[in-house]
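1. Kindly return the folded structure for what I paste below:
(2 chains)
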Amino acid sequence: MKKKYSVMAVATAVVVGGAMVVPIAAQAATPSITIWVDAPRLPGAKLYAKIMKGKVNVKVELHGQADLLAKVQLFNRVKKGWPDVVFGPPNDVAVLKNPLIANALKLDKLLTPAEVKGFGNGNSWCKSSSGTYCVKNDLAQTVLWYDVKLFKEFGYTVPKTMDEFAAIGEDLAANHPGYSLGAVGDQGFYATFLWPSQCPLNQEKSATRVVINTKSPKCTRVAKLLQPLVDSGVLDTRSYFDAGYIKDVGQAGKIVANIGPSWWGEFVLRPAGTFAIPAGHIATAPMPKWAGEKVAYSGEWGGGIYTVSPHSKYPRQALDFAMFMVGDKRNLVTVKNPDGSFGAPTFPAYTPGNALWKAKVSGDKYYASNPFPAMLTQSSKIFAGEKPVRYDSNGAWGAAFAPEMTKSKDIQKAVDAYGAYVSNLAQQLGYEVSTK
Amino acid sequence: MAKSKHYRHKNGAMYLMLAPYLLLLFFFGILPAIMGVLEVPKPSMANADGGWDAFSIVVQDFRFAPAFRHVMGFMAMFVPLMIIFVIGMALMLDIKPSPWKKWLRMAYIVPASISGAVAVLVWYVILQPTLSPIKGVLKWFNITESSQIWQQKNLVYILVVMAFFAAAGNWILIQYGSLQSISTEILEAARVDGCSVFQMALRIKLPLISKYIIYMSVLVFAGGLQIFVEPQLLNGGIYAGIADSWSFDQLSYNLAFMQGDFGGASALSILLLIPSLLGALLVIFKTDMFEGATGHAKKKEVEIQGH
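-> Below you'll find the model as predicted:
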């Protein structure tokens, strides 16, 4: 009945007043948006749909992150079906804003000055010389995670430099065999060591030029410092998420310290399904500094983004959802997750939201000391040289780096393999690859 | 006159029965192939100005040569293994009528009911040293860490094992069926002439089912060339990236859906169609697989000409 009425209204309007009246009829309708999120964002998205009932019709869909590009391209073919707003991995922005795909709306005019100010530098990943094309959900800046009980038992102090970090590794190998400073067989190696060391791997300089240079001293120093730790087994060549590593090292309580992203505690150290480290063990510290550097930079492992489709009829309503996710207490602190925990598990990129999240994590008795200050320190020190790129820079860690690492256990060889692989990918997609 | 009317009537029924197949063939075979060809010259990120050089671009793709090596290595093991093992099993199953036979046949269907996707999981668990039900065996080979198994150089063997166990059971049953079609008179005659069991299998049965073996070879070849599910699942689920663009089909999928290069993906798909098509033509024209059908067609031709 309702639909019939509005059709009649439009028809009458067209007859009476011509096309000019049509937008008024459209405005009267309730806006509808479709949002795509991954599993960790699902409880917040569902809550948002409930809150907005009557004001905005929100359709929430769970989707696999890897198939976004495929689906968008099919939507482009049939010219319909695009979701209004999508949560996705950070590299999506480069892929989606590429003119061939064209599914990331420029947000500069939609974001209010207060929102822009609220993000501060937290949204710099989404900004390029041509504008802002996404909104950052969370920062995944790396910090040093360490086990205070093991540190005390072995008599270690928190390392301030990478040399001190390596010295702990040497001591572990000599005096406490079996204990670990982490694993290096996956994408984590990029976020935790190469990126903080400013190794140029995906440094997009323009839409047509990217710098990839695994022979740079900023890369080779990583291999040089850490290779002995790989040789002695203190750094494991498996992935952190390898079933064997989880069982033999993680759950056995043998990780003395490791560099990990801000979500490491909530997602990996704490859950029973992964490392299941008991309460009272875990603390964070700022990143150790590389010799000769002024700043102890972080890398980023993840740190999702929201993109709005240019095909959306209600782009501001779509953006409102993203702002709810990054700035509203109901998502950040109180929403109940399927595993029984509450609120968002990751470090919000939006400053007002971050303040709410801080209160939640700072008071958490699981941690031996408040993990927030180190995260905050590092949040402004994510090295900005690494950029979103059009090729699948993350997948290449699995395709090129990890297999070489498993085979030769040689860091430099594995990094070179990655460099060669992404150089090929980049050239294929129209980048000129240079070493400087 | 009456004769030709009879034939026309028969032709009508034939076309009617052919119609569903032709419809499916058109919509799911020919039409997609035409669309694929039309897609090739369209511009993409990899082929900015468009054009038919999409073929040469895809062949020069840095992942093409490794995929070629992988698939050829896979086929070199998979195809002969399938044919020898399946025919051997079917012949052995056919030796003597026994009350156990139907149970045996069922036993062969069990592995066949494990599809490629499930086989990935099954073999992952079997080969993963921490989870494996055959830990002891793995240990005897000195395999205690998953990294010893899940290496790129081992993939081809692992995939052969997966594909073999998923496909062999079905084919054993089919070839067993083809052995059943051999006339008992021939077998009886051979037996009377003093043919041993082995001679019977190799000299009598094998030549009589040879066209089915060629038919199977072509299908196994085409299937092997297009291996996709097993490496793609390994790549996505077990060790991310371990089998990235391992096979041609995966490369085609990556081009289309990870890089937005539908033209390159179509070009590669068309290249893949060629060997399979040649294989099919070989079966039709160089074997007497479809002897009955062509015989009938020839008869019809004569009839029409005569008319």
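2. and the residue of chain B found nearest chain A, what does it touch?
-> Nearest residue of chain B to chain A, counting by Cβ to the nearest Cβ: residue B:241, 1.9 Å away. (Glycine included, C-beta is placed from N, CA and C.) Taking Cβ atoms under 8 Å, 6 or more residues apart in numbering or on different chains as the criterion, residue B:241 is in contact with A:395-400, A:402-403, B:235.
3. Now tabulate these in a markdown table and tack on distance to residue A:104 and secondary structure.
-> Formatted as a markdown table, the contacts of residue B:241 follow (distance: Cβ to Cβ, whole Å; DSSP: H, G, I helix; E, B strand; the rest coil):
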| residue | distance to residue A:104 | secondary structure |
| --- | --- | --- |
| A:395 | 20 | helix |
| A:396 | 22 | helix |
| A:397 | 24 | helix |
| A:398 | 25 | helix |
| A:399 | 25 | helix |
| A:400 | 27 | helix |
| A:402 | 29 | helix |
| A:403 | 32 | helix |
| B:235 | 27 | helix |
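4. could I get these as a markdown table with pLDDT?
-> Formatted as a markdown table, those follow (pLDDT from 0 to 100):
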| residue | pLDDT |
| --- | --- |
| A:395 | 84 |
| A:396 | 90 |
| A:397 | 92 |
| A:398 | 87 |
| A:399 | 88 |
| A:400 | 91 |
| A:402 | 90 |
| A:403 | 88 |
| B:235 | 84 |
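5. Look up how far residue B:221 lies from residue B:163.
-> From residue B:163 over to residue B:221 the distance is 13 Å, taken as Cβ to Cβ, to the nearest Å.
6. re the thing from before, compare the contacts of residue B:241 and tell me which has the most neighbours.
-> residue A:402 (29 neighbours; other Cβ atoms under 10 Å in any protein chain shown).
7. Contacts only, for the nearest residue to it once chain neighbours are set aside.
-> Leaving aside its sequence neighbours, residue A:402 sits nearest to residue A:185 (Cβ to Cβ, 6 or more residues apart in numbering or on different chains; 5.4 Å). Counting by Cβ under 8 Å, 6+ apart, residue A:185 makes contact with A:236-240, A:242, A:402, A:405-406, B:147.
8. Give me every residue in the stretch 151-300 of chain A lying close to chain B.
-> Contact residues (Cβ under 8 Å from any Cβ of the partner chain) of the stretch 151-300 of chain A with chain B: A:185-187, A:237-239, A:242-244, A:247.
9. Now pLDDT and secondary structure too, for those residues, in TSV please.
-> Output for those, formatted as TSV (pLDDT from 0 to 100; DSSP: H, G, I helix; E, B strand; the rest coil):
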residue	pLDDT	secondary structure
A:185	91	coil
A:186	90	coil
A:187	91	coil
A:237	92	coil
A:238	89	coil
A:239	90	coil
A:242	85	coil
A:243	82	helix
A:244	84	helix
A:247	90	helix
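10. Of these, which is the nearest to residue A:107?
-> Proximity of these to residue A:107 (Cβ to Cβ) peaks at residue A:187, which lies at 27.4 Å.
11. ok, now which ones touch the closest one?
-> So residue A:187 contacts A:301, A:394, A:397-398, A:401, B:240 (Cβ under 8 Å, 6+ apart).
12. Residue A:284 belongs to a helix, doesn't it?
-> No. Under DSSP: H, G, I helix; E, B strand; the rest coil, residue A:284 sits outside any helix and is assigned strand.
13. Looking at the residues of the stretch 151-300 of chain A next to chain B, which two lie furthest apart in space?
-> For these, the maximum inter-member distance is 20.9 Å, found between A:187 and A:247 (Cβ to Cβ).
14. picking up where we left off before, neighbour-wise, which one of the contacts of residue A:185 leads?
-> Taking other Cβ under 10 Å to define a neighbour, the member of the contacts of residue A:185 with the most is residue A:402, carrying 29 neighbours.
15. Please name the residues that touch residue 81.
-> Just so you know, I chose chain A. Counting by Cβ under 8 Å, 6+ apart, residue A:81 makes contact with A:71, A:74-75.
16. Chain B was what I was after
-> The neighbourhood of residue B:81, defined by Cβ under 8 Å, 6+ apart, consists of B:160, B:164.
17. okay, it: pLDDT?
-> Residue B:81 is assigned 95 on the pLDDT scale.
18. what's the answer for residue B:207, then?
-> 88.
19. Is residue 266 in a helix, a strand, or coil?
-> Let's take chain A. Here residue A:266 is helix, with the state taken from three-state DSSP.
20. How about the contacts made by it?
-> Contacts of residue A:266 (Cβ under 8 Å, 6+ apart): A:341, A:345-346.
21. what separates it from residue A:343, distance-wise?
-> Separation of residue A:266 from residue A:343 (Cβ to Cβ): 10 Å.
22. ok, now residue B:227?
-> 45 Å.
23. Confirm residue A:193 sits in a helix?
-> Yes. Assessed with three-state DSSP, residue A:193 lies in a helix.
24. Isn't it up against residue A:235?
-> No. With contact defined as Cβ atoms under 8 Å, residue A:193 does not reach residue A:235; the gap is 9.3 Å.
25. Below-threshold pLDDT in chain A: ranges please.
-> A:1-28 (pLDDT under 70).
26. Return the nearest residue of it with respect to chain B.
-> For chain A, Cβ to the nearest Cβ, closest residue to chain B: residue A:398, 1.9 Å.
27. which residue packs closest to residue B:173, ignoring adjacent ones?
-> In space, and not counting its chain neighbours, residue B:173 is closest to residue B:108: 5.8 Å by Cβ to Cβ, 6+ apart.
28. Does that neighbour touch residue B:175 like I think?
-> No. In this structure, residue B:108 is not within contact of residue B:175 by Cβ under 8 Å, at 10.4 Å.
29. What subset of the contacts of residue A:81 is buried?
-> Among those, those classed as buried by 16 or more other Cβ atoms under 10 Å in any protein chain shown are A:71, A:75.
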